[in-house]
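Visitor: Quick one, structure for this:
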Amino acid sequence: MENKQNDAPGKEKSIKRTSWKSVIGGDVLATDFFRRQTKLLVLIMTLIIFYIHNRYACQQQLIEIDRLKKELTDIKYDALTRNSELMERSRQSHIEEYISTRESELQTATQPPYVIK
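Guide: The predicted structure follows:
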């Protein structure tokens with residue numbers, strides 16, 4: 001009887017099982033499948049790195065936007081406070097009181113202003 005496996009001497013069937021040792025040791029990367037798909041795997045890794053970087057940059061921008069919004073509201077409240085203080089100080093009664101305490105010769109006008117045409 002002839003052995004059918006010896007009919008093709010150059011072609012050996014080698015079915016290798018994948019073990020944890022070959023995966024952890026990196027032997028699995030030397031298989032024919034990974035050698036043929038190298039360009040695709042590099043492209044996928046590049047896209048993954050780009051995705052991670054893009055998400056990180058987006059989070060940094062959102063943090064910056066929140067910080068600027070908070071700063072803007074603080075500035076708005078400060079401007080509102082200063083505006084109300086200015087309105088208080090520029091009232092006619094407040095100005096008259098200020099002038100009377102400084103002993104100035106200025107007085108409130110008793111005649112309406114003239115309109116020049």
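Visitor: where along this protein do the helices fall?
Guide: Counting by DSSP state H, the segments of the chain that form helices are 20-25, 32-36, 38-89, 92-101.
Visitor: any low-confidence regions in the chain?
Guide: Along the chain, segments meeting pLDDT under 70 span 1-16.
Visitor: redo that, cut-off 80
Guide: Within the chain, the ranges that satisfy pLDDT under 80 run 1-18, 22-23, 28-29, 100, 103-109.
Visitor: for it, which residue is closest to the average position?
Guide: In the chain, the centroid-proximal residue (CA atoms, centre = their mean) is residue 61; its distance is 1.7 Å.
Visitor: quick one: it and residue 32, what's the gap?
Guide: Using CB to CB, to the nearest Å, one gets 44 Å for the distance from residue 61 to residue 32. In short, each C-beta sits where N, CA and C put it, glycine included.
Visitor: Could you do residue 108 as well?
Guide: For residue 108, the distance to residue 32 - CB to CB - is 101 Å.
Visitor: quick one on the thing from earlier: distance to residue 116 added to the helices of the chain, as a markdown table?
Guide: Converted to a markdown table, these look like this (distance: least, CB to CB, whole Å):
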| stretch | distance to residue 116 |
| --- | --- |
| helix 20-25 | 97 |
| helix 32-36 | 94 |
| helix 38-89 | 29 |
| helix 92-101 | 23 |
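Visitor: Quickly note the distance from residue 35 to residue 48.
Guide: 21 Å.
Visitor: cool, and residue 110?
Guide: Distance from residue 110 to residue 48, by CB to CB: 83 Å.
Visitor: Which residue of those two possesses the greater neighbour count?
Guide: residue 48 (10 against 5; other CB atoms under 10 Å).
Visitor: residues near residue 28, how many?
Guide: 15.
Visitor: Report the contact partners of it.
Guide: By CB atoms under 8 Å, 6 or more residues apart in numbering, residue 28 lies in contact with 18, 22, 34.
Visitor: And for residue 18?
Guide: residue 28.
Visitor: tell me the phi and psi of it?
Guide: Phi and psi for residue 18, reported as degrees, to the nearest 10, are phi -90, psi 120.
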